[in-house]
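>>> Provided below are the primary sequence and the corresponding predicted coordinates.
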Amino acid sequence: MNSKASKHLSLKGEWRLKDFEPGGGEETGVYSPEYKEQAGEWIPAAVPGDVHTSLLAAGRIPEPFYHTNVEEVQWVEEREWWYRTTFSVPFNLQEPGGRDFLVFDGLDTYATLYLNGSYLGQHQNMFREARFDVTGKLKPDQPNLLAVRFDPVSLHLTQPEIPGQWGDYNARERVYARKTQSHFSWDWAPRLVNVGIWQEVRLEHFSKARLLSPYFRTLGLDKDRAILSLSSEVERWENSGDLSMQVSLRLNEKELVNQESGLNGPEARLVFELANPELWWPQGYGKQPLYDLTVTLKDGGKILDVFEDRVGVCQVTLDRSQDSEEPGCEFFTFVVNGTPIFAKGANWIPADSLNGRVDRERYAELLKLLVEANGNMLRVWGGGQYERDDFYKLADELGILIWHDFMFACGLYPDFEPGFVAEVRSEVEYQVRRLRNHPCLALWVGNNEVDWAEDKERWDQPGHDFAGKRLYHELISEIVERLDPAHVYWPSSPYGGNDHNGEQAGDRHNWYVWHGGIEPRRFGELPERNWSPEGVSYRHYGEDQARFISEFGIHALPVLETIQRNVPESECYFGSPGLLFRNKDNPKDKGNMLMQAHTGLPGSLEQYIDFSMITQAEGLKYGIEHYRRRKFHCSGTLIWQWNDCWPGLSWSVLDYYAFPKAGYFYLKRAYAPVLASFKEETDGAVTLWLTNDTLKPYTDTLTWQLLTFDGNILAGETVPAAVERNSSKPVAHLPAGLLAGVNRRQTLLRVQSSSGGLPENRLFLAEFKDLERTKPAVTISWEESGSGLLAHLSSSAFAYFTWLAVPLEGTRYSDNWVDLYPGESRTIKIWHPEGKVIRPEMVRTGWL
Ligand code: BMA
């Protein structure tokens, strides 16, 4: 949090850690200052961090992600864990009217606290701050002992299964825990039940009063001014004196606003104007100026509390008006500062199964890679967690809009338990207050896939009641409306239309590709599946008429380096138990069906990597091109999934080490600000489209060619092409007759721009497995330049999926997994942002 208590002491750093039989810690008296830690029994523990990561650092467990080791560390969740630390207080505790708080930003999860040998309190929600009033309980002159006990989660998850529960991934227990749901396993995660102090800890000291999460809001924008407001609740312990709140706003050190207001009851509110505001924009639409906000709570001349934040002047709304061109349908379009935005991005899952391994650098790498891939939105998915502050600060700086789910996913939740509902209320109030000032915040969403899946589960009773429903449809929506009227609340994802995953309104998850669900379906209809290569094929994206795609994706293996680091050599083959162990989906053969549809089944591991990457990359490209052509009937695509929490086999385009898969580079090209793409029409014709996400009209001269893989041009044309700002339209028509006589297995369509304002593109006329090509021989010559390594590539025949790989995290490539045409050469630059030297002998290459 950004509140600067008038005095505060961070308690982060090295604590000590030890496990006991449940109940054993108290018996031994671990909480007491008299207890003597035996050398060798207690290990150092980083705070913030987690128990597994500390055990690994101390050599007590093996690397959990290597081979099947994760099964060997499951005992950790059955133990009781104690953290201990001592600290001295560097400031005066005797001030009359002063208050002291011990604040944990995140305790995971069932914690009991002791201060100086006395019981202090309990906490049972990883998703909200734990704040204890310790006034009068601290020793001014001697060290204070703080001890935190974490219980095995199983002790607290003994409730009976919710009647009718259909949720997967240990839903019987996980839905009762306010804890990252994917810790209990998911279809891309092993079970790894974290435990520990996963966020900052500090002691805060106040005199008389403190500010409660000041709320900065852009109320209105017109041509040359912004109307802004700042409101804050104030917690007061003494009524004496008239308090006031002062607000200052600065940009690049220059103070632009300085206003003060008296307190009106427990709240202060200021509305003020900012002339010529510099607006915050998502990536691709403008800059991300951040204003320095300081809110000061004063008692006459005395400063009681200071709150500092970096805020943006910006308004994000959601246009849900009727789409007159598609009658009966409504838009689902994010509008930023009055401009409709096509959202291009991905779903975010926790960056690591072990929270202790994630730092600001990990976040920064994963977020920067999105911006480099022309992305502008991430969805923080509801089975994961509200991330640490750094995540949102980076998103503000980088211009990444955040679609934020509340943390409920794929299951029924016990809204019939008053204690649970009270936890949810506190958590939601806390998180909304914590995150509402971030300019990156775009939308609040009640849950992931609960309403949709519940309706399919009891498909014959549309609209029925279910456990958890009143959380998303009453409790949370009321809190968002009250505490954050600047942002829209949407009850679930997917939601809207007929059924909840409908094409007429709202957002949609396209899982008929990969999971084979037959859609669209309507309320009251029996849900059906088609588990066959045809049923799961990515060609189904082309039929999707949805308004916004908030999930769609296909598995691909991670890069070879990642497999070799984690899988024993004897297990490195297609279909090995060691690789299947990394695929947590059920059943595990959907990827095989997709490969059967598009590439054929692989023989070797290398081929498995290539073929799975082809289905993912070509599939995402195919889908994104279709959805972008429909702009703004469809207003966004968020692929499932951006990142991985362990080195698994999943839908991610970045693997656990953030090594990009082929899909990453295909995504980057498909997300280019201006895109040229071919659309196959049902009558056999092909249209060439231009999609322009920029806010300027785009004109170019495009050359399309129908050519054989050997390089013979059968037809072609150079045409002037223009498209209005922020829109999409066909610019050339290739009649059915053109392709009628050609051998579709030996030809492709290619488009290039003469200005270089968009990436070149192509369309295969048959599935990869059916293509007939001469085997290419690729030649590479290397040039070492000061800023990186240049690979000059050329090929005798059309070379497909030509890649370069360096086994060094963070390596950047100007492009990768590219096509090479006979007689042409192209150059790929490889470099490392930290200046690490990359030499030709470090680079592996391949092509098909
Ligand atoms: C959706 C997501 C996740 C899941 C993914 C892939 O259901 O919301 O729950 O991991 O699809 O199956």
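Yep, that arrived.

>>> please list the residues of the stretch 451-600 of the chain that sit near the ligand.
For the stretch 451-600 of the chain, the residues in contact with the ligand (CB under 6 Å from any ligand atom) are Glu551. The C-beta positions use only the backbone N, C-alpha and C, and glycine is treated the same way.

>>> could you pull out the strands for the stretch 451-600 of the chain?
Assigned by DSSP state E, counting those that start in this stretch, the strands in the stretch 451-600 of the chain fall at 488-490, 508-510, 549-552.

>>> in the stretch 101-250 of the chain, what residue is nearest the ligand?
Proximity of the stretch 101-250 of the chain to the ligand (CB to the nearest ligand atom) peaks at Asp187, 4.7 Å away.

>>> per-residue pLDDT, that residue?
At Asp187, the pLDDT value in this model is 98.

>>> what is the neighbour count of it?
17 (other CB atoms under 10 Å).

>>> check Leu221 too.
For Leu221, the neighbour count with other CB under 10 Å is 18.

>>> just give the closest residue to the residue of the stretch 101-250 of the chain closest to the ligand, not the sequence neighbours.
Counting by CB to CB, 6 or more residues apart in numbering, Asp585 is the residue found nearest to Asp187 once chain neighbours are left out, at 4.7 Å.

>>> for the one you found, which residues are in contact?
If you count contacts by CB atoms under 8 Å, 6 or more residues apart in numbering, Asp585 has them with Asp187, Trp188, His555.

>>> so what secondary structure elements neighbour the strand or helix carrying Ser677?
Element membership of Ser677 [criterion: DSSP states H and E] is strand 674-680. Counting contacts by 3 or more CB pairs under 8 Å, 6 or more residues apart in numbering; DSSP states H and E, strand 674-680 is packed against helix 605-629, strand 686-692, strand 698-708, strand 747-753, strand 761-764.

>>> which stretches of the stretch 101-250 of the chain form strands?
Using DSSP E, counting those that start in this stretch, strands in the stretch 101-250 of the chain cover 107-108, 111-115, 118-123, 130-133, 144-150, 196-197, 201-207, 209-222, 225-236, 243-251.

>>> what are the pairing partners of the fifth one, and which direction each?
Going back to what we said before, that points to strand 144-150. Strand 144-150 has the following strand partners under DSSP bridges: strand 80-87 (antiparallel), strand 111-115 (antiparallel).

>>> let me have those strands in JSON lines, extended by mean neighbour count.
Below are the strands paired with strand 144-150 laid out as JSON lines (neighbours: other CB atoms under 10 Å):
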{"stretch": "strand 80-87", "mean neighbour count": "21"}
{"stretch": "strand 111-115", "mean neighbour count": "22"}
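
>>> I'd like these written out as CSV, with distance to the ligand and mean pLDDT added.
Listed next are the strands paired with strand 144-150 as CSV, based on distance: least, CB to the nearest ligand atom, whole Å; pLDDT from 0 to 100:
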stretch, distance to the ligand, mean pLDDT
strand 80-87, 29, 98
strand 111-115, 28, 98
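
>>> redo those as TSV? Include distance to Glu37.
Formatted as TSV, the strands paired with strand 144-150 follow (distance: least, CB to CB, whole Å):
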stretch	distance to Glu37
strand 80-87	7
strand 111-115	15
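
>>> circling back: now what about the strand holding Ser677, what contacts it?
Applying CB under 8 Å, 6+ apart, the contact partners of strand 674-680 are 542, 625-626, 628-629, 686-694, 698, 700, 702, 721, 723, 730, 749, 751, 753, 757-763.

>>> that strand to strand 698-708, inter-axis angle?
Compare the direction of strand 674-680 with that of strand 698-708 by axes from the mean of the first three to the mean of the last three CA atoms, to 10 degrees and you get 40 degrees.

>>> check contacts around the residue nearest to Leu649 when sequence neighbours are not counted.
Distances taken as CB to CB, 6+ apart put Asn583 closest to Leu649, at 4.2 Å, once the chain neighbours are dropped. Shown in contact with Asn583 (CB under 8 Å, 6+ apart): His555, Gly591, Gly648, Leu649, Ser650.

>>> nearest to the ligand, of the residues you listed?
Closest to the ligand, out of all of the contacts of Asn583 and judged by CB to the nearest ligand atom, is Ser650, at 8.2 Å.

>>> which bits of this protein sit near the ligand?
Near the ligand, when you scan the chain using CB under 6 Å from any ligand atom, you find Trp186, Asp187, Trp188, Gly383, Ala409, Cys410, Asn448, Glu449, Glu551, Trp640.

>>> from those residues, which two are the most distant?
Largest separation among the residues of the chain next to the ligand by CB to CB: Trp188 and Glu449, giving 14.5 Å.

>>> contacts only, for the closest residue to Ile341 other than its chain neighbours.
With CB to CB, 6+ apart as the criterion, Ile341 has its nearest non-adjacent residue at 4.8 Å, and that residue is Phe334. Counting by CB under 8 Å, 6+ apart, Phe334 touches 316-319, 340-341, 343, 377, 401, 442-443, 635-636.

>>> by neighbours, which of those wins?
For the contacts of Phe334, counting by other CB under 10 Å, the largest number of neighbours falls to Met377: 29 neighbours.

>>> hang on, isn't that one packed against Lys344?
Yes: taking CB atoms under 8 Å as the definition, Met377 is a contact partner of Lys344 at 6.7 Å.

>>> follow-up on the earlier one: now flag whichever of the contacts of Asp585 is closest to Gly786.
Of the contacts of Asp585, the one sitting nearest to Gly786 (CB to CB) turns out to be His555, at 39.2 Å.

>>> contacting residues for the residue nearest to that closest one when sequence neighbours are not counted?
Spatial nearest neighbour of His555, excluding adjacent residues (CB to CB, 6+ apart): Gly591 at 4.5 Å. Residues near Gly591 by CB under 8 Å, 6+ apart: Ile554, His555, Asn583, Ser612, Thr615, Leu649.

>>> near the fourth one, how many other residues are there?
The criterion is other CB under 10 Å. On that basis, Ser612 has 26 neighbouring residues.

>>> same deal with the first one?
Applying other CB under 10 Å, we find 28 other residues in the vicinity of Ile554.

>>> gap between it and Leu690?
26 Å (CB to CB, to the nearest Å).

>>> next one: the fifth one
The gap separating Thr615 from Leu690 is 27 Å, by CB to CB.

>>> which parts of the stretch 251-400 of the chain are strands?
Assigned by DSSP E, counting those that start in this stretch, the strands in the stretch 251-400 of the chain fall at 254-262, 267-275, 291-299, 302-311, 316-319, 333-336, 339-341, 343-348, 377-380.

>>> may I see the ones you listed organised as a markdown table, with mean pLDDT and distance to Leu9 added?
Formatted as a markdown table, the strands of the stretch 251-400 of the chain follow (pLDDT from 0 to 100; distance: least, CB to CB, whole Å):
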| stretch | mean pLDDT | distance to Leu9 |
| --- | --- | --- |
| strand 254-262 | 95 | 29 |
| strand 267-275 | 95 | 27 |
| strand 291-299 | 97 | 20 |
| strand 302-311 | 96 | 16 |
| strand 316-319 | 98 | 37 |
| strand 333-336 | 98 | 40 |
| strand 339-341 | 98 | 43 |
| strand 343-348 | 98 | 33 |
| strand 377-380 | 99 | 31 |
